[in-house]
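# Give the three-dimensional model of this entry:
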Amino acid sequence: MVGYTDKTQPLSSYHPPQDVIDLTCEVQRVYFQGEEILNKPWRELNDRSIIDDLNRGQEMFNAFVDTSVEDPNEKWKWRGTRSMARNKGIAMHAQLTASYLLPMFIAQNEDDEVDKDFSEVMREVIEWMAEPTNSNYQSSFLQIVFSVLQNPITYLGAEYFEVFQTIKEKLKNGKYTTKEVLDEVLSGFNVPIWSASQILVSNAYERNIQRQKCLIKRRWVEKEELEATYGEHPNWDYVQAGWKSIYNAEEGLFYDIKDDAHPNLVSEEIYLERRGDIEIPFVGGIYMGDTNVDANPIKHRDYRDTPKYNVVPFGYMRIGEHFLFYKSMMNSLGWDNMAYDAMSEIVFNRSILDIEMPVAISGTDKVDSNVIFPNAVITLEDKDARVTPLLPAANIPGGFNALREVEKSMSEGSVNDTLSGQLPEASQKAYNVAQAQANAKKNLSAIGKSLAESVVGLGDLMKDIALNHITAPQVEEITGGRQKLKYKTLILQNKKNGNKMADRQIKFDESLIGLELTKAQLTARNMQLLEDSGYPNKNNSIRLVNPEMFAKFKYLTKCDPQEMFTKNNEYWQPLLSKLRAELNGDPYINMEALDRKLLYSFFSSEGEELMNENVQQNLQPQINPVEKIPQLNINP
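Purely as a prediction, here's the structure:
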């Protein structure tokens, strides 16, 4: 998209029309502006640029040590790292990823009335989208948490593609033919990670990504991958791996510039302008949009068909009131980590000298490594010979005390050692340990709120994809060349159904559109669903959804950061065991339900095998194998 050009470089065979050239010039201007934001020193980052802070954080998290030494007399010194900031970062990651954080939704109709059932359906659709078999959301969530610990900003995207590939099919006569099929690797819902250097923004002091005037997303990939998307474009023949076409505005010419940093890859830059509803891709600097430059709408749309940027910024801790970029955990612990390593270097090197103390020898006798070894006994002939240590006694305990103080400071600013899984020292009082844990949880809660804020933005994008693609009808061809609309059926495993864990089906049924049922008809339909679910042999449930009504609701996104700190099985096992002992025989407690929860905390779904179904309790049965159908209009 941009680069240095001169007359020594070859002219490009790519010559677009003037309207494309004008657009290319404008995108180049935005590109330069975004590059300047990435490379400009910022006071908020201690006069470091975004790229410098990113590199510094990654080096610290990856325990990078420069071991090159020019002076051979200095090679004996220890110059490593104790990786304290990295250890704190791994402990923080374990806390923040105790569960995969997902947004929740509030469904509202045109009168702003809340529908609980549609809210649950949207949540379950998003859960289905986040399953590893349906997208890379979970792996991206794990990686994004690692990224926010190291980087001043990282972005998560939300994309949905239908990409087709040409395959060969063998005929009965032995010959081969080709046909187009859906490329399942490149198609479907995807949650890509964009680093700080891959997203160019227009305003460093606008936190709301949707209020940025424009964005540029850039990446370098193999030409064959991009061919699946742009291979049919008339400009594709100009694309070359390892090269990019750069426009020189002064000369009005395009030059082919060799990309030495990516010799086997092709650059893809996508320019987005939300208010202008513009999304234009450039591959290797070559325009890949519509022939009409005004006909390039943004692909991601919400339920009102209005455009949105499909990336969301993530970070560790906000800086100032308006700054878009964040302070990473490595940035927060940077000075303490450097002090810890510097003090470790002093203490370790002095310990080496104390153990192998250099000495000064006076007199005529020779004292060297030939006579210095364990249990050596030598006699000096020169009565005036002296062997004197060159260094005075060192205060090594003082150095270790300084290390402990630095470590304490790092714990106060990140994760308490006890929360990291380490036992407290015997000298620590229980009250002090509890206070330290409480302070650490407050710090975690603050970081969790920052992460939850970004998950809300991502949930808005996922909701749009759910409404526009996942729950929308697909055209299916049937016999005779006729076509009909087909809706997806989503299956969620291990969902709570009554007192048990079972599979749940979410069916978007077109037969419900415009349908009105009496109470008797509704009861009959529920009984049929009960039979279809496999009851009483199975405890599965089926939820029927009216797709037309589901699409008409407005869904507000929210996220509870407490979900991030899931009370896992290790938490519930002792608590439920204690409740089981204390509440046994209480007439107000459903002991069967409590037993199921207790067994599930130990054995997950396999705990059902331990339940004796023949035992009858004198309690009201709580069986709810089939969800109700709130989407139907019932005539009394």
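
# helices and strands of this protein: which one bottoms out on pLDDT?
Lowest by mean pLDDT, DSSP states H and E among the helices and strands of the chain is strand 633-635, with a mean of 40.

# Alpha carbons only: can I get stretch 219-234 in CSV?
These are the backbone C-alpha positions of stretch 219-234, laid out as CSV (Å, rounded to 0.1, in the frame of the first residue of the first chain):
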residue,chain,number,x,y,z
ARG,A,219,-2.0,-9.0,7.1
TRP,A,220,0.4,-11.0,5.1
VAL,A,221,-0.7,-14.5,3.9
GLU,A,222,0.0,-17.0,1.1
LYS,A,223,-1.2,-16.1,-2.3
GLU,A,224,-3.1,-19.4,-2.6
GLU,A,225,-5.3,-18.5,0.4
LEU,A,226,-6.2,-15.1,-1.0
GLU,A,227,-7.0,-16.7,-4.3
ALA,A,228,-10.0,-18.4,-2.8
THR,A,229,-11.5,-15.0,-2.1
TYR,A,230,-10.2,-12.8,-4.9
GLY,A,231,-9.2,-15.2,-7.6
GLU,A,232,-12.2,-14.3,-9.8
HIS,A,233,-11.4,-10.5,-9.7
PRO,A,234,-10.2,-9.1,-13.0
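
# How about residues contacting it?
For stretch 219-234, contacts defined as C-beta atoms under 8 Å, 6 or more residues apart in numbering pick out 161, 163-165, 183, 186, 194, 198, 236, 239, 241, 262, 264-268, 281, 283, 288. Any C-beta I mention is one placed from the backbone N, CA and C, and that applies to glycine too.

# Buried only: go through those for me.
Among the contacts of stretch 219-234, the ones that count as buried by 16 or more other C-beta atoms under 10 Å are Asp183, Trp194, Gln198, Trp236, Val239, Leu265, Val266, Ser267, Glu268, Pro281, Val283, Met288.

# Near the nearest residue in space to Ala241 that is not next to it in sequence, how many residues? Count them for me, please.
Leaving aside its sequence neighbours, Ala241 sits nearest to Lys223 (C-beta to C-beta, 6 or more residues apart in numbering; 4.6 Å). Taking other C-beta atoms under 10 Å as the criterion, the count of residues near Lys223 is 18.

# Then the one 3 residues further on?
A count of neighbours around Leu226, defined by other C-beta under 10 Å, yields 22.

# pLDDT (mean, whole number) over stretch 108-128?
For stretch 108-128, the mean per-residue pLDDT is 90.

# Ok, stretch 315-326 next?
92.

# how close does the residue lying closest to Trp572 once chain neighbours are set aside sit to Arg580?
Spatial nearest neighbour of Trp572, excluding adjacent residues (C-beta to C-beta, 6+ apart): Ser601 at 4.3 Å. The gap separating Ser601 from Arg580 is 11 Å, by C-beta to C-beta, to the nearest Å.

# Could you check which of those two is surrounded by more residues?
The neighbour comparison of Ser601 against Arg580 (other C-beta under 10 Å) goes to Ser601, with 20 against 15.

# Quick check: which helices or strands does whichever strand or helix holds the more buried one pack against?
Per DSSP states H and E, Ser601 falls inside helix 591-603. Where contact means 3 or more C-beta pairs under 8 Å, 6 or more residues apart in numbering; DSSP states H and E, helix 591-603 is packed against helix 569-583.

# Buried ones in stretch 101-119, by neighbour count?
Buried residues in stretch 101-119 (16+ other C-beta under 10 Å): Leu101, Leu102, Pro103, Met104, Phe105, Ile106, Ala107, Gln108, Asp115, Asp117, Phe118, Ser119.

# actually stretch 544-564, not the one I wrote
Buried-residue list, stretch 544-564, by 16+ other C-beta under 10 Å: 544-547, 549-550, 553, 555-557, 559, 561, 563-564.

# Can you tell me which of those residues end up in helices?
Pro547, Met549, Phe550 (DSSP state H).

# you'd agree the last one is up against Lys507?
No - counting by C-beta atoms under 8 Å, Phe550 sits too far from Lys507 to count as a contact (11.5 Å).

# Quick one: the strands in the stretch 1-150 of the chain, in order.
For the stretch 1-150 of the chain, the strands defined by DSSP state E, counting those that start in this stretch cover 104-108, 114-115.

# possible to save those as a markdown table with distance to Phe314?
Putting the strands of the stretch 1-150 of the chain into a markdown table (distance: least, C-beta to C-beta, whole Å) gives the following:
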| stretch | distance to Phe314 |
| --- | --- |
| strand 104-108 | 19 |
| strand 114-115 | 29 |
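
# Out of those, which gets nearest to Leu458?
Closest to Leu458 of the strands of the stretch 1-150 of the chain, according to C-beta to C-beta: strand 104-108, at 12.8 Å.

# In terms of secondary structure, what does that closest one contact?
Using 3+ C-beta pairs under 8 Å, 6+ apart: strand 104-108 touches strand 114-115, helix 116-130, strand 554-558.

# Could you export these to CSV, including columns for distance to Asp22?
Output for the helices and strands packed on strand 104-108, formatted as CSV (distance: least, C-beta to C-beta, whole Å):
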stretch, distance to Asp22
strand 114-115, 49
helix 116-130, 40
strand 554-558, 38
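
# out of these, which comes closest to Asn190?
Asn190 sits nearest to helix 116-130 of all the helices and strands packed on strand 104-108, at 10.4 Å, using C-beta to C-beta.

# Contacts only, for Val20.
Val20 neighbours (C-beta under 8 Å, 6+ apart): Tyr287, Val293.

# Next one: it from Gly289, what distance?
8 Å.

# What ranges in the stretch 101-250 of the chain fall below the confidence cut-off?
Scanning the stretch 101-250 of the chain for pLDDT under 70 picks out nothing.

# Could you chop this structure up by domain?
Taking automatic domain parsing as the reference, the chain has its domains at 18-63+82-331+446-469, 335-412, 471-635.

# Would you point to the one among those domains that's packed deepest?
Highest mean neighbour count of the domains of the chain: domain 18-63+82-331+446-469, a mean of 18 (counted as mean count of other C-beta atoms under 10 Å).

# one step back: give me the distance from the helix holding Ser601 to the chain's centre.
In terms of C-alpha atoms, centre = their mean, to the nearest Å, the centre of helix 591-603 is set 33 Å apart from its chain centre.

# Next: stretch 502-522.
36 Å.

# do the same with stretch 456-472
How far stretch 456-472 lies from its chain's middle: 17 Å, per C-alpha atoms, centre = their mean.

# Then stretch 21-32?
31 Å.

# cool, and stretch 353-365?
Between the centre of stretch 353-365 and the centre of its chain there are 58 Å (C-alpha atoms, centre = their mean).

# who's in contact with it?
367, 380-382, 384-391, 394, 396.

# mean confidence score for it?
On average, the pLDDT along stretch 353-365 is 79.

# Could I get the CA-only coordinates of that stretch as CSV?
Below are the C-alpha coordinates for stretch 353-365, written out as CSV (Å, rounded to 0.1, in the frame of the first residue of the first chain):
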residue,chain,number,x,y,z
LEU,A,353,32.9,-14.2,44.0
ASP,A,354,32.4,-15.2,47.7
ILE,A,355,32.5,-18.9,46.8
GLU,A,356,35.4,-18.5,44.4
MET,A,357,37.0,-15.4,46.0
PRO,A,358,39.8,-13.7,44.0
VAL,A,359,42.9,-13.3,46.1
ALA,A,360,46.1,-11.3,46.2
ILE,A,361,49.3,-13.2,46.9
SER,A,362,52.5,-11.6,48.3
GLY,A,363,55.9,-13.3,48.5
THR,A,364,57.9,-15.7,46.3
ASP,A,365,55.8,-18.8,46.6
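
# that older thread, distance of the residue nearest to Trp572 from Asp595?
With C-beta to C-beta as the criterion, Ser601 and Asp595 are 11 Å apart.

# cool, and Val406?
On the measure of C-beta to C-beta, Val406 and Asp595 end up 50 Å apart.

# Equivalent analysis for Ser344, please.
For Ser344, the distance to Asp595 - C-beta to C-beta - is 53 Å.

# Trp78 now?
According to C-beta to C-beta, Trp78 stands 58 Å off from Asp595.
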